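Enquirer: Sharing a model that was predicted from the sequence below.
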Amino acid sequence: MDQETDCRLYLITPPAIDVAAFGDTLAAALDAGDVACLQLRLKDVDDDDIRRAIERLMPIAHQRDVAFIVNDRPDLAAELGADGTHIGDQDGAYADARGLVGDDAIVGVSCYDSRQLAMEAGDAGADYVAFGAFFPTTTKVPKSKVEPEILSAWSAMTIVPCVAIGGITADNCGPLVAAGADFLAVVNGVWGHPDGPAAAVRAFEAAIAANRPGV
């Protein structure tokens, strides 16, 4: 997940899924447009459920050159050969996660509204930092409310890619793209789209193209 000239889509799974059925939904979404990454983020499930989800969904992502990230669980990411892991402030230290997944894997870090946390993560070697929430979200209780200016300030001071997260939809993502977000992390804005996930991915592509810096 290197820094790109254009903003790209970073999909996150819903917190609860029927793994078998979701595979077809995922394939349709990934086939609809440009997606950089899929993060598996399941809640209130046991380790075997996560393993089954990885075994079912990761090949679908890899067949389409989409990176596969496991949220919160660098141990399972390493065990099953995922591309990396994403950690928050309660998920263990960056160094511990890096030690589990190795130097070649992706490790992303949630930094909420803190440029200081982001600088510390970037200096430690994080592959990307995530800021948010930018908009109200029903997916999880946000720890912070952030304005788009943090993205432009971050992009001006470092080459470490930044991910925007929190309540992002194709209708409201424009200011985040214009401010310099490298990736838009989206949950309900894709999976809960009234016209379906494939239509949502196409709508995000159009919104990104219309709002990229310099357009």
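Expert: Arrived safely, thanks for sending. Since we're looking at a predicted model, the values are computed, not measured. Numbering: from 1, shown residues only.
Enquirer: in the host helix or strand of residue 10, what's buried?
Expert: Element membership of residue 10, judged by DSSP states H and E, is strand 8-12. Applying a neighbour-count criterion of 16 or more other C-beta atoms under 10 Å, the buried positions in strand 8-12 are 8-12. (C-beta placed from N, C-alpha, C; glycine too.)
Enquirer: tell me the mean pLDDT for it?
Expert: Mean per-residue pLDDT for strand 8-12: 98.
Enquirer: show me where the protein has strands.
Expert: Along the chain, the stretches classed as strands by DSSP state E are 8-12, 35-40, 67-71, 84-87, 106-112, 128-131, 162-165, 183-186.
Enquirer: Turn the ones you listed into TSV, including distance to residue 47.
Expert: As requested, these are arranged in TSV below (distance: least, C-beta to C-beta, whole Å):
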stretch	distance to residue 47
strand 8-12	19
strand 35-40	13
strand 67-71	11
strand 84-87	14
strand 106-112	20
strand 128-131	24
strand 162-165	25
strand 183-186	24
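Enquirer: How far away from the center of its chain is stretch 27-37?
Expert: Put simply, stretch 27-37 sits 13 Å off its chain's centre (C-alpha atoms, centre = their mean, to the nearest Å).
Enquirer: Using CSV, write down the CA coordinates of that stretch.
Expert: Provided in CSV are the C-alpha atoms of stretch 27-37 (Å, rounded to 0.1, in the frame of the first residue of the first chain):
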residue,chain,number,x,y,z
ALA,A,27,-16.3,-10.6,-5.7
ALA,A,28,-18.9,-8.4,-7.3
ALA,A,29,-17.7,-5.3,-5.4
LEU,A,30,-14.1,-5.9,-6.3
ASP,A,31,-14.9,-6.5,-9.9
ALA,A,32,-16.8,-3.2,-10.1
GLY,A,33,-13.8,-0.9,-9.9
ASP,A,34,-10.4,0.0,-8.3
VAL,A,35,-10.0,-1.3,-4.8
ALA,A,36,-6.6,-1.3,-3.1
CYS,A,37,-7.2,-3.3,0.0
